[in-house]
Structures are given as C-alpha cells and as structure tokens.
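A.B. asks: Below: sequence and its predicted model.
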Amino acid sequence: MPQTIPPFHLNGLTIQPGEQVLTRLVISRLPSGTVIDVPVHVMRSTEPGPTLLLMGGMHGDEVNGIETIRRLVRRELLQPLRGSIIAIPILNIYGFLNFSRDVPDGKDVNRSFPGFPRGSLAGRVAHRFMREIMPLIDYGIDFHTGGAARANFPQVRCLLGVDPEVDAMAEAFAAPFTLHAALRPGSLREAAQSLGKRIIVYETGESLRLDEPGIEGALAGTLRVLHHLGMGPVAPVPSRPGIVCRRHTWLRARFAGIFRALVENGQYLKKGDIYGSVADPYGQQSVRLESPLSGYVIGLNYMPVVNQGDALLHIAVPE
C-alpha cells in the first residue's frame, strides 16, 4: 500500500507533495513602516523522505551562504528525488540591509534560540523560525562566514562522536576540514539537537566578500549531502580527502599594534614556525610570533590593527 505523505503547514499555507512554493514569513516592520519578511523556498517530492533545511544569512553580513543558496535555487539544483527541501537564503534580513552581523537591537540571532514571541528582535526572529520551520525539518546545513575581518578556510563544524548521522553528514559534505565544535548556548545547533534535529555548519571566507572557491565547495558539498540522504543524484567527488580535527584554537595577540601575517589560510604550520609579527606603529619595536603547536591554519585575521587579546590565527590539529 503506498505511503501517505502528509502536507506541510507553513505560514498559513498547506503545501502538498510535489509542490514548489515561495512564501514569505513576515517578521516585523522597520520604523518607517516597511514590512520585513523572510523568503522561504519549499521544494517537495512526491516520494517520501526526509526534509533538509538549507539556511544562509543568519548573520546579515555573511554573504557566502546567501550566494550559495541563491545559486542552488537559480540553477534548479534543489529538485529532491524524495523528501523535501526548505531553503532560506537570508534569515536576518535586518543585518543584510545594514551590512551587519546582528539585528538593530545589537543582539545575535544565533545566540537567541529558541527565542521568545515578546522578547528582543533577535529573539522574535528565532521564535518565528522555531515555530514555523523547525517542526518540519530532519536535517540541516547552516551556512556561515568568518566575522570581524577574519577569514575562515572552508570547514564543517559539528559535534563529532555523539550522533552517527551527524558524523555521516559531515563526512558526506567532505569539506577540506571537519572540526569538532561544542554546542553554544542559544545557537541554532543547540536548539535543533534538543529536538532531535541534525544540523551541521559550513564556514568559508570573510564577511561582506564573496569567496568563490568556498562557494563552489559549498555547492558540491550540499549536493553530496543530498545524495547521501537519498534525495539527489550522484554528486561531485571531492578533489582531496577531508581532514578531521577535534582540537583547534585561536592564537591571540599578546601585544597591541600592527599585525602582519606571514602565512596563508590552509597552510600547515610546525611548532615554532613564525606566522607573523606585531609592531608598534612608530617604528620602535616589532615582535615575531611563533606557533606554539603544529597544525593547519583554518582562520586568519585580516585586520592589521590589533589590540591585546584579539584573535590572530585559528589553528587546527589533525587527528
């Protein structure tokens, strides 16, 4: 007997199997009265299967995820063979309009889950997502970018060794690096895990700049996850094996001044290698920076003016 596939109930709509819908979640209004809404693409197969969320723009200045989902939609690559796909190019419309990571109240949406309907603006965005989208999904890929002039080498972040299905998703995505990343309070990943939903995070590049290799890697990785879940055809084979790192840390500035990096993202460093220098702006002193451990550079600060404690270089130690 054929399996009955239930409809989706989203934003007041009933979306049946086989339908493709673009709907808009109204979040709030600007002080000018302009309505702020979040476009949501829903693509459903007539065959039963899981529901995969693809989301970008949690932070409005992180354009690489936005561009990744735009290309997937534009190239018609999100036609599931079974199950359903929900694609949200931009969750934080406020931040996108203002070239900002946060919403106008200064809060981070990705530290505001599960949200509150009468809370801060960030909390209201998170609450609407939890009410409308979260109940429908089984898996998700949350696309992010480095912030504050820091560039991330393409990498997947997830909680490794806890849920075999999360491990399998990360392996299928096959980013150059897969990092074991603890759950952060108020994050989408934490909220999803508490409900039995499985979400991995993909990071590449820096805010307000497109990273073409990272975007193309995101496209290929997404197609590999779709194939892994039985939702898509055979996907591109990764050009090289990914590297799993359970240990990673930021090296921080011990002195304020002008930071000059002598390494590139993705480069391997040995313990004791010089990775840069910090100099005072008056030509009186310059300090060379040695790496305290061996590992790969997976994040780099491109801001030359640094204060004590600023993150300079993210290094990951392979297994």
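C.D. replies: All right, it came through fine.
A.B. asks: all helices of the stretch 51-200 of the chain, in order?
C.D. replies: Using DSSP state H, counting those that start in this stretch, the helices found in the stretch 51-200 of the chain span residues 63-74, 93-97, 121-132, 164-173, 188-194.
A.B. asks: list the buried ones in the first one?
C.D. replies: Put plainly, it is helix 63-74. Residues of helix 63-74 classed as buried: 63-73 (neighbour count, 16 or more other Cβ atoms under 10 Å). No exception for glycine: its C-beta is placed from N, CA and C like everyone else's.
A.B. asks: between the residues you listed, which is nearest Asn265?
C.D. replies: Asn64 (13.8 Å; Cβ to Cβ).
A.B. asks: so how far is Gly56 from that closest one?
C.D. replies: Asn64 sits 8 Å away from Gly56, going by Cβ to Cβ, to the nearest Å.
A.B. asks: Also Ala235?
C.D. replies: Distance of Ala235 to Gly56, given as Cβ to Cβ: 20 Å.
A.B. asks: doesn't Gly57 make contact with Arg101?
C.D. replies: No. Arg101 is beyond contact range of Gly57, at 10.6 Å (criterion: Cβ atoms under 8 Å).
A.B. asks: Which one of the two is surrounded by more residues?
C.D. replies: Neighbours were counted for Arg101 and for Gly57 using other Cβ atoms under 10 Å; Gly57 has more, 26 against 20.
A.B. asks: residues in contact with stretch 125-134?
C.D. replies: 10-11, 25, 27, 38, 40, 53, 86, 88, 91-92, 103, 109, 112-117, 119, 188, 191-192, 195, 197 (Cβ atoms under 8 Å, 6 or more residues apart in numbering).
A.B. asks: Narrow those to those in strands?
C.D. replies: 10, 25, 27, 38, 40, 53, 86, 88 (DSSP state E).
A.B. asks: Quickly list what the second one is bridged to.
C.D. replies: Meaning Leu25. Val38 (DSSP bridges).
A.B. asks: what's the neighbour count on it?
C.D. replies: 21.
A.B. asks: need the contact list for it.
C.D. replies: Residues in contact with Leu25 (Cβ under 8 Å, 6+ apart) are 11, 37-38, 40, 128, 132.
A.B. asks: before we move on, the earlier item: okay, the helices of the stretch 51-200 of the chain in CSV with mean pLDDT next?
C.D. replies: Compiled in CSV, the helices of the stretch 51-200 of the chain are given as follows (pLDDT from 0 to 100):
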stretch, mean pLDDT
helix 63-74, 98
helix 93-97, 93
helix 121-132, 95
helix 164-173, 98
helix 188-194, 97
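A.B. asks: picking that back up, which residues are in contact with each of Arg101 and Gly57?
C.D. replies: Common neighbours of Arg101 and Gly57 (Cβ under 8 Å, 6+ apart) are Gly95.
A.B. asks: Wait, Val305 touches Arg260, no?
C.D. replies: No. Using Cβ under 8 Å, Val305 is not in contact with Arg260; the gap is 11.2 Å.
A.B. asks: Give the residues shared as contacts by these two.
C.D. replies: Common neighbours of Val305 and Arg260 are not found (criterion: Cβ under 8 Å, 6+ apart).
A.B. asks: coming back round to it: could you single out the nearest of the buried residues of helix 63-74 to Gly146?
C.D. replies: Closest approach between the buried residues of helix 63-74 and Gly146, by Cβ to Cβ: Asn64, at 9.4 Å.
A.B. asks: ok, that closest one - contacts?
C.D. replies: 56, 143, 145, 204-205, 210-211, 214-215, 218.
A.B. asks: try it again with 6 Å
C.D. replies: Listed by Cβ atoms under 6 Å, 6 or more residues apart in numbering, the contact partners of Asn64 are 145, 204-205, 211, 214-215.
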